[in-house]
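A.B. asks: how would this look folded up:
(chains A and B)
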Number of protein chains: 2
Amino acid sequence: MDLSEAVACCSPLVAEPLSAEHSVELARVFKAMGDPVRLRLLSLIASHAGGEACVCDLTDVFDLTGATISHHLKVLREAGLISGERRGTWVYYRVRPDLLARLSAVLVPGSAIRDAAVAR
Amino acid sequence: MDLSEAVACCSPLVAEPLSAEHSVELARVFKAMGDPVRLRLLSLIASHAGGEACVCDLTDVFDLTGATISHHLKVLREAGLISGERRGTWVYYRVRPDLLARLSAVLVPGSAIRDAAVAR
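C.D. replies: This next block holds a predicted model:
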């Protein structure tokens, strides 16, 4: 199952019990976010001018080797939280706002409730 | 720093780079959610009638020992995601919707943007 599909699938946690299958996919995404360096990378990329950042924008912020930064970027990418595009020398990363919005919606039923109210 | 404070503190990830200090606190919460069993427990508690569940409601769902379930509940509790109250024989667990709402808001700037627009 594609990860964005898994996240799209799921009702808010409070609406109904999460299935075993979906919990595995969702847990992968949260686990990727369960590290301070990865959360900061995600935030640096998301808040960077133009909504994208290359490794060259990210490495100076941390007292970590390039290899370590690359490892964390790979975990974020494999979790579907960021996408990368090579242009010339650098890979440019962007967050996937659709996935973040879906994750956000899984945590609170607010938007679902609002949507239902509007539809009535 | 109290955990709900840490989560309350933080602007949406896309609004500005997350500080090193806040990233540690936030990562702890996401790490607690980075496990399929814990996500299902969270969802089972959140969606249970009355918004609370005791261990007796949770153990039958999983093919796991009571000790394992208790361990996962402890991790969720230490992350501030659930609270527990002993009444008679059982501890009753509730999710903390305030914390989930704040986590959700960290992931998308939607509500912050809407609030700012309203305030203008």
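
A.B. asks: What count of nearby residues applies to residue A:89?
C.D. replies: Residue A:89 has 8 neighbouring residues, counting by other C-beta atoms under 10 Å in any protein chain shown. To be clear about C-beta, it is placed using only N, CA and C from the backbone, and glycine gets the same treatment.

A.B. asks: so what pLDDT did it get?
C.D. replies: Per-residue confidence (pLDDT) for residue A:89: 91.

A.B. asks: Repeat that for residue A:93.
C.D. replies: For residue A:93, the predicted pLDDT is 96.

A.B. asks: Run through the bridge partners of it.
C.D. replies: Assessed by DSSP bridges, residue A:93 has beta-bridge partners residue A:53, residue A:84.

A.B. asks: For it, list the residues it contacts.
C.D. replies: Applying C-beta atoms under 8 Å, 6 or more residues apart in numbering or on different chains to residue A:93 gives the contacts A:45, A:52-55, A:73, A:77, A:82-84.

A.B. asks: would you list these in CSV and tack on neighbour count and pLDDT?
C.D. replies: Output for these, formatted as CSV (neighbours: other C-beta atoms under 10 Å in any protein chain shown; pLDDT from 0 to 100):
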residue, neighbour count, pLDDT
A:45, 26, 96
A:52, 18, 93
A:53, 22, 95
A:54, 19, 92
A:55, 17, 90
A:73, 20, 97
A:77, 16, 96
A:82, 24, 96
A:83, 15, 96
A:84, 17, 95
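
A.B. asks: Next to chain B, which bits of chain A? Give me the list.
C.D. replies: For chain A, the contact set with chain B under C-beta under 8 Å from any C-beta of the partner chain comprises A:13-18, A:20, A:23-24, A:26-28, A:30-40, A:42-44, A:46-47, A:51, A:61, A:95, A:97, A:100-101, A:103-105, A:107-108, A:110.

A.B. asks: Put the buried members of these into a PyMOL selection.
C.D. replies: Applying 16 or more other C-beta atoms under 10 Å in any protein chain shown to the residues of chain A next to chain B, the buried members can be selected in PyMOL as follows:
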select buried, chain A and resi 13+14+17+18+23+24+26+27+28+30+31+32+33+34+35+36+37+38+39+40+42+43+44+46+47+95+97+100+101+103+104+105+107+108+110
